[in-house]
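J.: One predicted model, sequence on top.
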Amino acid sequence: MFHSAVVQAAPLYCQGVGALSRPATVLLVEDDAAVAAMLRRHLARAGMIVYEATTQRDAVRRAAETAPDVVLLDLVLTEGAGAEVCRQVRASEPTSEVPIIVLTARGELASKAELFALGADDYVVKPFDPAEILLRIEALLRRRAQARSMRRVGPLTVAVRTGDAWMNGEPIELTAGERGVLAELARAWPALAPREALAHAPWREDRRTSENVVEALVGRIRRKIQAAGGGVEIRTVRRSGYLLALSATGRAEREPQYGKEHMS
């Protein structure tokens, strides 16, 4: 059986997950009812949405269904193994880079290297203080938010939240409209930015602009990127949208990521 729970956030901890614009979601994989209830209570009090699974099979399925921000995983399960949950979550594209915190008894931990080789991002040894779990989740979410805040495409770096851009470390002068379009392109990279997303222009009061205006803004960004040194281009995908890509002279240098999903 699966459960989900959420209560009003504790204000102090809310600051810890402030990088998210919504409550953090945690998949709790624990088959000890007492431990699960204790963790569920503390996570929910911290303002998190908690999903639960008790077996290896259900944990992998639940991860795919909910795409949680963090997986909190008991290494030893009555039905299945936490190690196999790690492997399968990592092998699945939608969840391949979801942070995983392993709960383990000291005797179950052969070596830290082995644990991280399974795909875990962090671990907590039982018995543990629930406050430590919250702090470790907070740290993982902060690191993930920082990795998501900047996009590097070859020599071009874009601040996703603002659209500010640098070419080889030198700032590119952009208008508000150009920053808005470039932010969407960077947010979607390495995938396509749909025309519809670019048409919803946050720099305009009516939040909507025409395709002609978008095309003009894209053209201006192209020229500014070229003038700044090039190596990156904006490709037009007919009837679909636009795509940031390396030009023939560019060189891929993608930043470390916690997730492959598009960023907000």
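T.: That came through, no problem.

J.: Quick check: next helix or strand after the longest helix anywhere in the chain?
T.: With DSSP state H applied, the helix covering the greatest number of residues in the chain is identified as helix 130-149. Sequence order places strand 150-153 as the next helix or strand after helix 130-149, per DSSP states H and E.

J.: Tell me which residues of stretch 44-61 come out buried.
T.: 44-56, 58-60 (16 or more other C-beta atoms under 10 Å). The way it works is simple: take the backbone N, C-alpha and C, and place the C-beta from them, glycine included.

J.: Let's see it as PDB, backbone CA atoms only.
T.: Taking Å, rounded to 0.1, in the frame of the first residue of the first chain, the C-alpha atoms of stretch 44-61 are listed here in PDB:
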ATOM      1  CA  ALA A  44       5.700  16.000   6.700                       C
ATOM      2  CA  ARG A  45       6.200  18.400   9.600                       C
ATOM      3  CA  ALA A  46       9.100  19.900   7.500                       C
ATOM      4  CA  GLY A  47       6.500  20.600   4.800                       C
ATOM      5  CA  MET A  48       7.500  17.800   2.400                       C
ATOM      6  CA  ILE A  49       5.200  15.500   0.500                       C
ATOM      7  CA  VAL A  50       6.000  11.900   1.400                       C
ATOM      8  CA  TYR A  51       5.400   8.900  -0.900                       C
ATOM      9  CA  GLU A  52       6.000   5.500   0.500                       C
ATOM     10  CA  ALA A  53       6.900   2.000  -0.700                       C
ATOM     11  CA  THR A  54       7.900  -1.100   1.300                       C
ATOM     12  CA  THR A  55       9.300  -3.500  -1.400                       C
ATOM     13  CA  GLN A  56      12.000  -3.300  -4.100                       C
ATOM     14  CA  ARG A  57       9.400  -3.700  -6.900                       C
ATOM     15  CA  ASP A  58       7.000  -1.100  -5.500                       C
ATOM     16  CA  ALA A  59       9.900   1.300  -4.800                       C
ATOM     17  CA  VAL A  60      11.100   1.300  -8.400                       C
ATOM     18  CA  ARG A  61       7.500   1.600  -9.700                       C
END
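
J.: circling back to that earlier point, can you tell me which of the buried residues of stretch 44-61 end up in helices?
T.: Residues of these located in helices (DSSP H): 44-45, 56, 58-60.

J.: Looking at these, which one is closest to A245?
T.: Taking C-beta to C-beta as the measure, A245 sits nearest to V60 out of these, at 33.9 Å.

J.: residues contacting that closest one?
T.: Listed by C-beta atoms under 8 Å, 6 or more residues apart in numbering, the contact set of V60 reads 85, 88-89, 92.

J.: Now for D122: which residues touch it?
T.: Shown in contact with D122 (C-beta under 8 Å, 6+ apart): 99-102, 136, 139-140.
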